[in-house]
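Asker: okay, here's the prediction I keep looking at, along with the sequence it came from:
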Amino acid sequence: MKTPPADLAERLLDASEQVLYGDPPPRLEDVAQLVGASRATLYYYFSGRDDLLTFLLTAHARRGAETVRIAIGPDDPPDLRLRAMMAAMVKYLGHHPGMCAGLLTALGATGRMS
């Protein structure tokens, strides 16, 4: 998988809930139309749907981890760090409500839930 340019990556992340939670799961062609890119462009960066899913899930995991890292005071006692971590995770998922369901759907559809 090649790293897409920032503007395309952002459009994909903005549409990730529809991509991850779509029923039936959208094809790469459908995703291209959804984000205003050509089919060839998406195939240039991703070998297929699984490659795109990997990109989306990894990017969201990184963003969520960064949100948590920023929220935690390294010198705070463990109980405050745990509260800050949970609050940051809830806030991140609150801004991306379909991520949990989308993640579970994507993992279940690819047989990775076992």
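Answerer: The structure has been received and is ready for your questions. Numbers count the residues shown, from 1 in each chain.
Asker: gap between the residue of the chain positioned farthest from its centre and Arg83?
Answerer: Going by Cα atoms, centre = their mean, the residue of the chain most distant from its centre is Pro77, 30.5 Å out. Separation of Pro77 from Arg83 (Cβ to Cβ, to the nearest Å): 10 Å. In short, each C-beta sits where N, CA and C put it, glycine included.
Asker: so who does the residue farthest from the centre of the chain touch?
Answerer: Under the criterion of Cβ atoms under 8 Å, 6 or more residues apart in numbering, Pro77 has no neighbours.
Asker: so how far is Thr67 from it?
Answerer: Separation of Pro77 from Thr67 (Cβ to Cβ) stands at 21 Å.
Asker: got the confidence number for the closest residue to Pro97 other than its chain neighbours?
Answerer: Closest residue to Pro97 in three dimensions, ignoring its sequence neighbours and counting by Cβ to Cβ, 6 or more residues apart in numbering: Glu17, at 7.5 Å. pLDDT for Glu17: 82.
Asker: show the pLDDT at the nearest residue to Arg27 once chain neighbours are set aside.
Answerer: Spatially, and ignoring its direct neighbours in sequence, Arg27 is nearest to Arg49 (6.9 Å; Cβ to Cβ, 6+ apart). pLDDT for Arg49: 87.
Asker: if I pick Arg49, what's in contact with it?
Answerer: By Cβ under 8 Å, 6+ apart, the contact list for Arg49 reads 25, 27-28.
Asker: cool, Ala71 as well?
Answerer: Contact analysis of Ala71 by Cβ under 8 Å, 6+ apart lists 84-85, 87-88.
Asker: what subset of these is buried?
Answerer: 84, 88 (16 or more other Cβ atoms under 10 Å).
Asker: nearest to Lys2, of the contacts of Ala71?
Answerer: Among the contacts of Ala71, Ala88 lies closest to Lys2 (Cβ to Cβ), at 30.4 Å.
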